[in-house]
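In: what's the 3D shape of this:
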Amino acid sequence: MSGEAGDAALVARLAGHRVVLCRGLLGELLMGLRPIGIDYMGAQAAWLRRLGIPVLVPQLPSAAPVLDNAAGLARLIEGEPLRVVLIGHSKGGLEALAALLRPEVAARVVGFVALQSPFLGSPVADWVCGHGRLHRTSRLVLRGGGFGSGHGLLDLTVAARRGWMQTNDALIAALAARIPMTSLATVLPPGAKGAYAVTGWRLAGLGWGPNDGLVPASATVLPGARHEILIGNHRALVSRGCGQDPVAVLRRALRAVLPG
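Out: Residues are numbered from 1 along each chain as shown. Predicted coordinates for the structure are as follows:
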């Protein structure tokens, strides 16, 4: 099912629900650049609103620690009168998952879509945090730009993410048994160019396999969730002009977590 007929069916499934879009690192900056033609979740939010579906974009500092933002997200969902579908890009997906582990949040959520979220960490974060001067400079820039403390960078490292996932594996399994979840990854196409390609080929050369320039596809696997790999860079699933149609991606993902 596609086009208007497919959207009409989706609207029926989403009646009485709100879609919450959780931004990734620097997401507030990218959203603020929409007036000059930069798209970041904007096309997706506009499409949902055209369909009459309520949308919320939590105003959380994207470089804050994952658990701090998860707590803020939890407060918003607990006070939300409508049932919720959670959509998280990159770090936003990690925060959404952490919030979902709270029973009072899970009780209000009917579906979860993660877009390019490094559940098992990003080696790029390891590289940044492993270089003292670069890490300190990055945190200063993030704090100075109003994106939070910058401590969220450490939460994206491989050791931090794998440790958290292992600690919470039983809770995640129980959650996946109750709430439909899907995790979408991307991998760079052959011959890709630009900044993502530079880091992407480096990651592949170091043995991290296919990736989107920041996150290996293998790191996006969420136990118990449907997993799919598409083509594109790290913003391809949330931004027009990056290799995918973000509205079509979200349409399919919502159908996957809202069967019927």
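
In: contacts and neighbour counts: CA atoms only from here.
Out: Fine.

In: which parts of stretch 225-236 are buried?
Out: For stretch 225-236, burial by neighbour count (16 or more other Cα atoms under 10 Å) applies to 225-227, 229-236.

In: just the ones in strands from those residues, please.
Out: Counting by DSSP state E, the buried residues of stretch 225-236 place 226-227, 229-231 in strands.

In: one step back: out of the buried residues of stretch 225-236, which is nearest to residue 21?
Out: The closest of the buried residues of stretch 225-236 to residue 21 turns out to be residue 235 (Cα to Cα; 14.5 Å).

In: so the closest one sits against residue 242, correct?
Out: Yes: the pair residue 235 and residue 242 passes the contact test of Cα atoms under 8 Å, sitting 6.5 Å apart.

In: report how many residues lie close to residue 195.
Out: 10 (other Cα atoms under 10 Å).

In: can you pull out the low-pLDDT segments for the stretch 1-150 of the chain?
Out: In the predicted model of the stretch 1-150 of the chain, residues 1-5 satisfy pLDDT under 70.

In: what ranges do the helices span in it?
Out: With DSSP state H, counting those that start in this stretch as the criterion, the stretch 1-150 of the chain has helices at 3-14, 27-32, 42-50, 66-78, 91-100, 103-106, 123-130, 132-144.

In: closest to residue 203 out of the ones you listed?
Out: Using Cα to Cα, the helices of the stretch 1-150 of the chain put helix 123-130 closest to residue 203, at 7.6 Å.

In: for the ones in strands among the buried residues of stretch 225-236, give me CSV that also has distance to residue 218 and pLDDT.
Out: Formatted as CSV, those follow (distance: Cα to Cα, whole Å; pLDDT from 0 to 100):
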residue, distance to residue 218, pLDDT
226, 13, 97
227, 10, 98
229, 10, 98
230, 13, 97
231, 14, 97
